[in-house]
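[1] after the sequence you'll find the predicted model.
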Amino acid sequence: MALVVHKYGGTSVANTERICAIADKVSLARQAGDSIVVVVSAMSGETNRLIGLAREITERPNPRELDVLLSTGEQSTIALLCMALEKRGVAARSYTGGQVRILTDAMHNKARIMDIDTARLDAELNSGKVVVVAGFQGVDRDGNITTLGRGGSDTTAVALAAALKADECRIYTDVDGVYTTDPRVVPGARRMKQLSYEEMLEMASLGAKVLQIRSVEFASKYNVPLRVLSSFEDGEGTLITREDESMEQALISGVAFNRDEAQVTVQGVPDQPGIAFGILGPVADAGIEVDMIIQNVGADGSTDFTFTVHRDDYGRAMEILRSTGDKLGAREVSGNDTIVKVSLVGVGMRSHAGIASKTFGVLAKEGINIHMISTSEIKISVVIDEKYLELAVRALHKEFELEQAA
Ligand code: ASP
Ligand code: MG
């Protein structure tokens with residue numbers, strides 16, 4: 001008998017009709033003999049509605065009270081789903097995060113799970129019940145309700161699967177899996193049968209639409225097999241696991257991209273110790289996250305420094321750099337907020353040379369200029385002009401034959 005955690009997102013429980021459809025699904029799986037823990041999100045739009053209510057009262061709601069408010073979204077769905085299950089003759093019981101004691105730190109609105117007490121869950125499962133747990137929430141040591149950040153129900157599901165040593169954690173959502181790239185850009189994009197945690201993390205920009213990336217980190221840490229699949233259609237979805245030798249290894253798994261990037265450059269700063277720290281320190285102090293970083297080989301005692309930041313942070317980053325640039329005697333500070341990052345991801349790269357040069361060849365053939373390059377063992381990323389995004393993704397997807405069945 002398998003122990004499986006199911007997680008249903010907001011669109012899957014958007015109204016009572018859908019909740020009943022989910023109850024049918026859970027009921028079938030239960031009849032087939034699985035032990036089941038269900039984690040649900042709030043009905044779609046509900047979390048935003050609640051945030052809106054809070055904002056009608058105050059610009060900056062007290063974080064503790066906001067968590068008390070937001071946790072009600074998920075509390076409604078667990079009760080409704082249990083009613084629907086019982087109506088179908090399935091014994092079920094709902095629990096809030098606090099009741100199962102999903103213990104978190106005290107960081108309201110973005111709490112991290114520290115521990116889960118499984119005693120109560122084990123007892124319910126042993127008595128044959130389906131346990132329905134509210135996603136996205138927990139409780140701190142002092143008993144205050146906390147929430148885990150937007151999309152946090154995925155992390156609840158994975159954390160429960162880890163704590164219960166479940167056989168699989170299934171994330172049911174409105175897409176039927178993880179694709180080789182965004183099908184809106186490449187209509188021939190293919191659903192992947194399987195990929196590794198590492199690849200999924202590298203493809204964060206694609207995957208983030210499907211599940212909270214923090215949940216993948218969690219799954220990887222505790223080795224929880226994670227499956228993304230559709231709540232509306234049958235299918236096996238995409239299985240995300242530890243990299244395993246027997247995996248039929250495609251050279252390249254997917255082409256991810258990120259439109260939210262901007263590039264900033266400081267030219268002609270003295271080539272001496274402390275320069276990188278001098279430039280990036282103030283950026284980090286302002287809470288701005290830096291992605292790719294490139295420093296040139298120094299010439300004539302000076303060097304250039306380029307990095308990318310989230311596009312929303314571009315204005316602030318430029319401001320900071322202009323003032324740092326002045327202090328460091330930089331020749332010029334420049335920037336570009338119409339660039340994108342395109343990444344080729346695949347564990348197969350580890351054992352194959354020449355992927356990078358092939359990638360650059362494809363882009364050259366299309367006349368696409370590369371501004372920045374960075375590589376890891378399983379990823380090659382390039383920064384290019386935004387206007388070439390679709391062209392680059394399509395050309396790479398085609399060249400590496402991602403449309404063909406693996
Ligand atoms: N309801 C929360 C949100 O909308 C958590 C979740 O759905 O995962 O972000
Ligand atoms: Mg979600």
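    It's in. Ligands and ions are numbered 1, 2, ... in the order given.
[2] show me what contacts the residue in the stretch 51-200 of the chain that ligand 2 sits nearest to?
    Nearest residue of the stretch 51-200 of the chain to ligand 2, counting by C-beta to the ion: G151, 4.5 Å away. Any C-beta I mention is one placed from the backbone N, CA and C, and that applies to glycine too. By C-beta atoms under 8 Å, 6 or more residues apart in numbering, G151 lies in contact with L211, Q212.
[3] same question for H352.
    Taking C-beta under 8 Å, 6+ apart, one finds L251 in contact with H352.
[4] burial count for the closest residue to ligand 2 within the stretch 301-406 of the chain?
    The minimum distance from the stretch 301-406 of the chain to ligand 2, using C-beta to the ion, falls at H310 (20.3 Å). Using other C-beta atoms under 10 Å, H310 has 15 neighbouring residues.
[5] and G278, how many neighbours does it have?
    Using other C-beta under 10 Å, the number of residues around G278 comes to 17.
[6] tell me which element it is part of?
    G278 belongs to helix 275-285 when elements are defined using DSSP states H and E.
[7] coming back round to it: check what pLDDT the residue of the stretch 301-406 of the chain closest to ligand 2 gets.
    Looking at H310, its pLDDT reads 94.
[8] returning to that earlier point: what comes up buried for the helix or strand just after the helix holding G278?
    Remark: after helix 275-285, the chain's next helix or strand is strand 290-295, criterion DSSP H and E. Buried residues in strand 290-295, defined by neighbour count with 16 or more other C-beta atoms under 10 Å: V290, D291, M292, I294, Q295.
[9] got the angle for strand 290-295 vs helix 275-285?
    Using axes from the mean of the first three to the mean of the last three C-alpha atoms, to 10 degrees, the direction of strand 290-295 lies 170 degrees away from that of helix 275-285.
[10] so which elements touch strand 290-295?
    Judged by 3 or more C-beta pairs under 8 Å, 6 or more residues apart in numbering; DSSP states H and E, strand 290-295 is in contact with helix 275-285, strand 302-310, strand 370-376.
[11] for the longest one, which positions count as buried?
    It stands for helix 275-285. The neighbour-count check on helix 275-285 (16+ other C-beta under 10 Å) flags I275, G278, I279, L280, P282, V283 as buried.
[12] once you drop chain neighbours, what's closest to the second one?
    Same thing as G278. L328 (5.9 Å; C-beta to C-beta, 6 or more residues apart in numbering).
[13] got the contact list for that neighbour?
    L328 makes contacts with V266, V269, P270, I275, G278, I279, as judged by C-beta under 8 Å, 6+ apart.
[14] list the buried residues for stretch 388-396?
    Per 16+ other C-beta under 10 Å, stretch 388-396 contains these buried residues: Y388, L389, A392, V393, R394, A395, L396.
[15] dump the C-alpha coordinates for stretch 104-124 into CSV.
    Listed next in CSV are the C-alpha coordinates belonging to stretch 104-124 (Å, rounded to 0.1, in the frame of the first residue of the first chain):
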residue,chain,number,x,y,z
THR,A,104,7.6,27.3,11.5
ASP,A,105,9.9,30.1,12.5
ALA,A,106,8.2,33.4,13.4
MET,A,107,8.8,35.2,10.1
HIS,A,108,5.2,36.2,9.3
ASN,A,109,4.2,36.1,5.7
LYS,A,110,7.3,34.1,4.7
ALA,A,111,7.8,31.6,7.4
ARG,A,112,9.9,28.5,7.0
ILE,A,113,8.9,25.1,8.2
MET,A,114,11.1,23.7,11.0
ASP,A,115,9.3,20.6,12.1
ILE,A,116,6.2,18.6,11.6
ASP,A,117,4.7,16.4,14.3
THR,A,118,3.3,13.4,12.5
ALA,A,119,1.7,11.6,15.5
ARG,A,120,-1.8,12.8,14.8
LEU,A,121,-1.5,12.3,11.1
ASP,A,122,-0.2,8.7,11.5
ALA,A,123,-3.0,7.9,13.8
GLU,A,124,-5.6,9.2,11.3
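[16] quick one: that stretch near ligand 1?
    No: Stretch 104-124 lies out of reach of ligand 1 by C-beta under 6 Å from any ligand atom, never closer than 10.8 Å.
[17] repeat that for stretch 29-47.
    Yes: contact of stretch 29-47 with ligand 1 (C-beta under 6 Å from any ligand atom) involves S41, A42, T47.
[18] just put these in a markdown table and tack on secondary structure, neighbour count and pLDDT.
    Output for the residues of stretch 29-47 next to ligand 1, formatted as a markdown table (DSSP: H, G, I helix; E, B strand; the rest coil; neighbours: other C-beta atoms under 10 Å; pLDDT from 0 to 100):
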| residue | secondary structure | neighbour count | pLDDT |
| --- | --- | --- | --- |
| S41 | coil | 28 | 98 |
| A42 | coil | 26 | 98 |
| T47 | helix | 24 | 98 |
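[19] any idea how many residues pack against the residue of the stretch 201-350 of the chain found nearest ligand 1?
    Closest contact between the stretch 201-350 of the chain and ligand 1, by C-beta to the nearest ligand atom, is at Q212 (6.7 Å). A total of 23 residues lie near Q212 under the criterion other C-beta under 10 Å.
[20] same check on R64?
    15.
[21] from what I can see V383 touches D337, true?
    No: V383 is beyond contact range of D337, at 11.9 Å (criterion: C-beta atoms under 8 Å).
[22] comparing these two, which residue is more hemmed in?
    More neighbours surround V383 than the other of V383 and D337, with 23 against 17 (other C-beta under 10 Å).
[23] wasn't the more buried one part of a strand?
    Yes: under DSSP: H, G, I helix; E, B strand; the rest coil, V383 falls within a strand.
[24] which non-adjacent residue is nearest it?
    Spatially, and ignoring its direct neighbours in sequence, V383 is nearest to M372 (3.9 Å; C-beta to C-beta, 6+ apart).
[25] next one: the one you found from ligand 1, what distance?
    32 Å (C-beta to the nearest ligand atom, to the nearest Å).
[26] show me the contacts for the closest residue to K387 other than its chain neighbours.
    Distance criterion C-beta to C-beta, 6+ apart; nearest residue to K387, sequence neighbours excluded, is T338 at 7.6 Å. Listed by C-beta under 8 Å, 6+ apart, the contact set of T338 reads D385, E386, K387.
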